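*Asks:* Sequence plus predicted model, see below.
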Amino acid sequence: MQIAFCLYKYFPFGGLQRDFLRIAFACQARGHALRVYTLEWRGDVPEGFEVVLVPVSGLTNQRRYARFSDWVADDLARRPADRVVGFNKMPGLDVYFAADPCFEDKARTLRSALYRMSGRYRHFSAYERAVFGPQAPTEILMIAPQQQALFQKYYRTPGERFHLLPPGIALDRRAPADAREIRSDFRHEFALQADDLLLLQIGSGFKTKGLDRSLKALAALPPALRSRSRLIAIGDDDPKLFHGQARALGLADQVSILRGRSDILRFLLGADLLVHPAYNENTGTVLLEAVVAGLPVLTTAVCGYAHYISDADAGKVVPEPFAQACLDQFLLQMLRDAPARQRWHASALAYAEHADIYSNAERAADVILKDRQ
């Protein structure tokens, strides 16, 4: 069969994009043809992928996205596909991978009534309703179970259309047999001494991921501990604002901000703690990537996958409502307590051995290909 995948942007280091690629590969491995509609593709095109760069533009995102979905619909009318799978909300989908939280809930709880009169609201609300409305035919792949209740609250979506998937953690994120050697080489490369402490933050969208919170927590450490602590942040985003914040906090020499890269496992093995104090996060795949690498985690309860950190006894979770003082205190405790970090490391690796946190792509392919094997 011919499967058409739709996503607004592909780049190699985004969590949504990695989920898309794994699911596409799982469908391809079962013998099906792939066509990908996107506005932007960065990186290599895998063998057997037909990538269609949709030639539309617009002064606003909503105008560009509306033109994108119209163009795709016209192309599909000429070149039909057996299944249309979306990774962004839009009309005409057979299957939607629900990586984003409920837009309507955010619009009603975090925005003013005036916002709901805007063209932006009308567009995204209509596109969400096209997927979740009670009469829509779209099957929904859920990765954050707490979001299902919100979608059903606003749209009365029938429960049988939801399919809860396990996380899809890539097996290549697991700690290999030579993890100690990789860690030693990494720390030598980055000039880290035996008693230095490396904090790692990974994720595009530094503002949403809470990099400002991490910098404040690092600056709040006692001077002796702060002087031997470093932070490396990795992601596709403009670092200018955060470089400025680091300088203002006296951390310029202790903070590095790097572009997205493919050797993330080396950083997970070389660091002492993953910090992920996100403002909002539907899931937080990086949390589980740290767990399977054996890296203790400090995160916020707002993250959909934060409960895995508690389940695995792999670190600490800052409760909601968020308080910077709580994050500061947790960071201080975790950096001071080397035996606890070793316990979290061992617990994380043990959890990685038995937990069902890897089969997201295979289960998604089951739904996409249902009754069409």
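*Replies:* Structure received. Numbering: from 1, shown residues only.
*Asks:* ok, residue 306 touching residue 317?
*Replies:* Yes. The criterion here is Cβ atoms under 8 Å, and residue 306 meets it with residue 317 at 5.0 Å. Every C-beta, even on glycine, is put in place using the N, C-alpha and C of the backbone.
*Asks:* which neighbours do the two share?
*Replies:* Common contact partners of residue 306 and residue 317 (Cβ atoms under 8 Å, 6 or more residues apart in numbering): 299, 300.
*Asks:* ok, these two, which is more surrounded?
*Replies:* Counted by other Cβ atoms under 10 Å, residue 306 and residue 317 do not tie: residue 306 has more neighbours, with 24 against 20.
*Asks:* Can you pull the phi and psi angles for the more buried one?
*Replies:* phi -60, psi -30 (degrees, to the nearest 10).
*Asks:* mind listing what it touches?
*Replies:* So residue 306 contacts 284, 287, 299, 300, 317 (Cβ under 8 Å, 6+ apart).
*Asks:* quick one: which of those residues has the most company?
*Replies:* Neighbour max across the contacts of residue 306 (other Cβ under 10 Å) = residue 287, 30 neighbours.
*Asks:* nearest residue to that one other than its sequence neighbours?
*Replies:* residue 305 (4.8 Å; Cβ to Cβ, 6 or more residues apart in numbering).
*Asks:* thought that neighbour was touching residue 289?
*Replies:* No. Residue 305 is beyond contact range of residue 289, at 10.1 Å (criterion: Cβ under 8 Å).
*Asks:* Residue 152 contacts residue 159, doesn't it?
*Replies:* Yes. Between residue 152 and residue 159 there is a contact at 7.2 Å, judged by Cβ under 8 Å.
*Asks:* Looking at these two, which is more packed in?
*Replies:* residue 152 (17 against 7).
*Asks:* How about the secondary structure of residue 85?
*Replies:* Secondary structure assignment for residue 85 (DSSP: H, G, I helix; E, B strand; the rest coil): strand.
*Asks:* Okay, now the unreliable bits of this protein?
*Replies:* Filtered on pLDDT under 70, the chain yields the residue ranges 372-373.
*Asks:* Now do the domain split for it, please.
*Replies:* 2-168+358-368, 171-354 (automatic domain parsing).
*Asks:* Now find how far off-centre the first one is within its chain.
*Replies:* So the one you mean is domain 2-168+358-368. 15 Å (Cα atoms, centre = their mean, to the nearest Å).
*Asks:* Next, the distance between the ends of it.
*Replies:* One end of domain 2-168+358-368 sits 11 Å from the other (Cα to Cα, to the nearest Å).
*Asks:* what's the answer for the longest one, then?
*Replies:* The stretch domain 171-354 measures 13 Å between its terminal residues, going by Cα to Cα.
*Asks:* Please shift the residue numbers so they start at 36 in all later answers.
*Replies:* With 36 as the first residue, the last one maps to domain 206-389.
*Asks:* what are the ranges of the helices in the stretch 286-408 of the chain?
*Replies:* Taking DSSP state H, counting those that start in this stretch as the test, the helices found in the stretch 286-408 of the chain are 299-305, 320-328, 341-347, 359-371, 373-389, 395-403.
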